[in-house]
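# With the input below, show me the fold.
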Amino acid sequence: MPFCGRAKAKLTGALSKGGKMCEVATNQNRGGACHIARPGEQGCFLQKQQPSGGRIWKAQYIVPYNPRLLRKYQAYINVEWCNQSTSIKYLFKYINKGYDRVTVVLIHDDNDPTHNGSTHNDEIKEYLDCRYICPCESTWRIFGFPIHGRKPVVERLHFHLPGQHSVVYEDHDDIDDVLSKQSISDSKFISWMNTNQNSVEGRNLTYAEFVSKFVYNQKKRCWHLRKKGYTIGRLLWVPPIIGKLFYLRMMLTVCKGPTSFEDLRTVDNVQYPTYREACFAMGFLQDDKEFIEAIKEAKDWGSAHYIRKLFVLLLLTATMNKPEQVWDQTWHWMADDILDDRTLQNLVFLEIEQLLQANQRSLRDYPSMPYPEDVNFPTYLDNSLILAELNYNNQELRSEFEHLFSQMTDEQASIYNQIVEVVNKDEGGMFFLYGYGGTRKTYIWKTLASSLRADNKIEIMVASSSIASLLLPGGRTAHSKLKILVPVFEDSTCNIHQGTQLAELLNQTSLIIWDEAPMAHKFFFEALDHNLRDIIKHNSKDNKIFGGKVMVFGGDFRQILPVISRGSCFDIVNTTINSSYLLDHCQILRLTKNMRLQNNMQATYQEEIVAFAQWIIDIVSSTFPDLCHHHNDREYFQSKAILASTNETVQQVNDYILTLIPGEQMEYLSSDSVDKSETIESCHFRSLTTEFLNSLTTSGLPNNCLKLKIGTPIMLLRNFDQTQGLCNGTRLTVTRLAKHVIAADIIYGTNIGDHVYIPRMSMSPTQSPWPFKLLRRQFPIMLSYAMTINKSQGQSLSSLDFTCQN
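Next up, the predicted model:
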């Protein structure tokens, strides 16, 4: 074990002989360097006395080390992670800096018989300026072993605008003779397009892919098929300030087999006057014009009611840069079923305001947008959140409660009575309903909701996942309803302020139910506790847990726990609600009877558990039998899915199944950029190419290239409008495909059959795995033939296969 000996570190400084700082916990500085946790005097957790007595070695003497490397090489090796561009630049500089420079002098041995004993000294010649290499490397070079290599070969590809290619000539050449040569009009780039006119092989290749199949003959200025070797092409980088050449480069990354410059400006058989407009048609540029085009496409499919919903989605996702300009050019299509122009605009604004208020937003949140004027509008100024929670049919709820309660088991009825008794006492309390899948926790939630709401009591129902919230009557995600901030820390609070509509709603609430609680970080619950203690108005309850409100959590700790990036088992367990101080105030309720198995016990025992250790084709055929005959059947996909443990496996399964579906395929490309406002060293990321950004994938972001067909099932990757059932994890089937908008029908949840329009939106990962923040404008969807285990949480699937490929 490596230790620093007498050069031990003190609590307030670094090692006296150089080395690592003392750190209470592992952290990262602004430069990206990682400081490993290394306790000082007070943080001692290990000590060992020498056999001879005397000095005691403590934990503060131990240098952070990699045990595997230490065991293999029997030596201490410092390991650093290059996660910043400055670190990578330093490595390249260090590798290529050359050998150590030394000055040496040759001294003759006086006892050497070959030395003639002359006393002539030339001090200048005796000193040699040279480089020093170690014996190991000198031996390597003497034997002629390889020093460096390059695989695969990367060929830099030049390109230019029409008539702007470079011409190289000697100083003594006559310029007229140079320009009169026939070959002067041909460049490597132009020769590529000429080759595509006669070569079938090149028609399906981009410029960068072309060099993997063809070789350029510099003397003959022509391309011919490659016979051996493999080469990768790389387009020269052009900054956006160059203009036309930058947009030409963007088109070269996707355009296959062009035969002229005009082909590079052609998209879907439409030739555009400039490369920039061609890039916009491909979806490479971020402009509000695409949302105007999306509404134009949607007006040919649906009524003004659906177009208004589409506009609300654009507002809720904060996608438009200038929403007032989009409104000015599209509002008349939203008003086809209303009145004259001024009244039409005002009434459309009223409906948009109502839809926004259902999502706890308002047009006042968008200063550039007009606000509706109406004498009857003060009714909207009441607390719309409380009105929405009280807007239930009491008679229907009473009938629903009587039916649900009559079907309860003794175990379920006992739990129901305990919770209702505490709610009626209005003294506050905290429960955790623990039960594995199939014990009908959701059934108890619905019974409680119908009972309390029938008595005009307010009950808030939230869940940790979007899919689980769709199963709850009036359910929302906890982040959306309770304004939980992301990221959340130990001392965080929710974004709920005293005097707001949400604060007043929480004051009037009798019961809060939080389903799938084990999935959430303990800081979420603690943040809500801090907030409720602050905003609840009853002084006698100020010091009570959750401000004296009744909280009921539910879930199964054997299912999905909080996701901690690169965390150990200890880190994951330490983030659950079990590790929170709230557990000291919690009463545990248990459900033990699996009602799903009892409802279909005989069929379950007749079927054996099948381990699908076969290829994807076997999994697909078992989950989706006769897929080609049912690919347009909405009900066919409602309860069928393939589960996988990684996003990579999910992508492979989805891509394969899409090839089995008949019909025309549409391909949508994203517009990717780096968020400069979130990047400390934004100047270092200006040279990131479009191809590199397009190649990046991470959880929660759609891929750069999205391939769809009509009838394919898709899943939303963002929360849109939970009042319409559009949230992260909602499954839909595609009904129409256009350039800027996608039409789909919901196939899961309480809004099955509803028709929606999905626009593109700008997205970025919550926790970026790169040293910069990626902005991707793309449709927030993915194919959902297969999904990850996390996405399936809360869904009831009758036909299910699981693949666990590494």
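
# From now on I want contacts and neighbour counts done on CA atoms only, so please keep to that.
Fine.

# Now do the same contact list for Thr730.
For Thr730, the contact set (CA atoms under 8 Å, 6 or more residues apart in numbering) comprises Ser466, Ile467, Met715, Leu716, Ile746, Tyr748, Gly749.

# now the helices: where do they sit in the stretch 301-450 of the chain?
For the stretch 301-450 of the chain, helices defined by DSSP state H, counting those that start in this stretch occupy the ranges 304-316, 323-334, 341-357, 384-390, 394-406, 410-425, 441-454.

# so what are the domain limits for this structure?
As recorded under automatic domain parsing, the domains making up the chain are 1-100, 153-165+182-282, 289-381, 389-597, 610-803.

# Quick one: closest of those to Asp173.
domain 153-165+182-282 (13.9 Å; CA to CA).

# ends of that closest one, how far apart?
30 Å (CA to CA, to the nearest Å).

# same question, stretch 292-305
First-to-last residue span, stretch 292-305, CA to CA: 17 Å.

# Could you work out the most separated pair of the contacts of Thr730?
So, those by CA to CA: farthest apart are Ser466 and Ile746, at 14.2 Å.

# Just confirm Trp223 is within a strand.
Yes. Under DSSP: H, G, I helix; E, B strand; the rest coil, Trp223 falls within a strand.

# For it, list the residues it contacts.
Ser191, Trp192, Thr195, Phe214, Val215, Tyr216, Asn217.

# redo that, cut-off 10 Å
Shown in contact with Trp223 (CA atoms under 10 Å, 6 or more residues apart in numbering): 188, 191-192, 194-196, 210-211, 213-217.

# Go through these and name the one nearest Thr690.
Ranked by distance to Thr690 (CA to CA), the contacts of Trp223 are led by Phe210 at 18.4 Å.

# For Asn196, see how far away that closest one is.
Per CA to CA, Phe210 is found 10 Å from Asn196.

# any common contacting residues for these two?
Any residue near both Phe210 and Asn196 by CA under 10 Å, 6+ apart counts here, and that gives Gly202, Arg203, Asn204, Trp223, Lys256, Gly257.

# Sitting in strands, which of those residues do you find?
By the criterion of DSSP state E, membership of these in strands covers Trp223.

# which one in the contacts of Thr730 is the model shakiest on?
When the contacts of Thr730 are compared on pLDDT, Gly749 comes out lowest, with 73.

# Apart from its neighbours in sequence, what residue is nearest it?
Nearest non-adjacent residue to Gly749, counting by CA to CA, 6 or more residues apart in numbering: Leu470, 5.4 Å away.

# pretty sure that neighbour contacts Asn719?
No. Using CA atoms under 10 Å, Leu470 makes no contact with Asn719, being 11.9 Å away.

# in this structure, which helix or strand is least confident?
When the helices and strands of the chain are scored by mean pLDDT, DSSP states H and E, helix 601-606 comes last with a mean of 39.

# Let's see the pLDDT reported for Thr206.
Note for Thr206: predicted pLDDT of 92.

# Kindly report the same for Ile781.
Looking at Ile781, its pLDDT reads 92.

# give the contact list for it.
700-703, 706, 713-718, 728-732, 758, 760.

# same thing but 7 Å
With contact set as CA atoms under 7 Å, 6 or more residues apart in numbering, Ile781 has these partners: Pro702, Ile714, Met715, Leu716, Leu717.

# next one: the one helix or strand Ser191 maps to to chain centre, how far?
Assigned by DSSP states H and E, Ser191 belongs to helix 188-198. Between the centre of helix 188-198 and the centre of its chain there are 40 Å (CA atoms, centre = their mean, to the nearest Å).

# got it, and stretch 144-164?
Here the centre of stretch 144-164 is set off from its chain's centre by 33 Å, with CA atoms, centre = their mean.

# And the closest residue to Gln722 other than its chain neighbours, how far from Phe523?
Excluding its sequence neighbours, the residue lying closest to Gln722 (CA to CA, 6+ apart) is Arg476, at 6.7 Å. Arg476 sits at a distance of 19 Å from Phe523 (criterion: CA to CA).

# Chain neighbours aside, what residue packs nearest to Leu69?
Ile77 (6.9 Å).

# Measure how buried that neighbour is and give me the count.
Ile77 has 14 neighbours, counted by other CA atoms under 10 Å.

# what does Asn790 give?
The number of residues near Asn790, taken as other CA under 10 Å, comes to 18.

# mind listing what it touches?
Taking CA under 7 Å, 6+ apart, we find Asn790 in contact with Ile560.

# Check Ser469 too.
Contacts for Ser469 (CA under 7 Å, 6+ apart) come out as Val462, Ala463, Gly475, Arg476, Thr477.

# what's the third one in contact with, if anything?
When you say that, I think you mean Gly475. Met461, Val462, Ser469.

# And those residues, which is closest to Val650?
Comparing those against Val650 with CA to CA picks out Ser469 as the nearest, at 23.5 Å.

# Quickly note the distance from that closest one to Ile460.
Using CA to CA, Ser469 is found at 11 Å from Ile460.

# sorry, back to before: thought the residue nearest to Gln722 was touching Val462?
Yes. Using CA atoms under 7 Å, Arg476 is in contact with Val462, at 4.9 Å.

# and the residue nearest the centre of the chain, what is it in contact with?
With distances taken as CA atoms, centre = their mean, Gly700 lies nearest the centre of the chain, 3.1 Å away. Neighbour list for Gly700: Leu717, Pro765 [criterion: CA under 7 Å, 6+ apart].

# Which pLDDT value belongs to it?
pLDDT for Gly700: 82.

# ok, now Phe143?
Per-residue pLDDT puts Phe143 at 92.

# tell me, how many neighbours does it end up with?
By the criterion of other CA under 10 Å, Phe143 has 8 neighbours.

# ok, back up a step: compare neighbour counts for Arg476 and Phe523 and give me the winner.
Higher neighbour count among Arg476 and Phe523: Arg476, with 27 against 21, using other CA under 10 Å.
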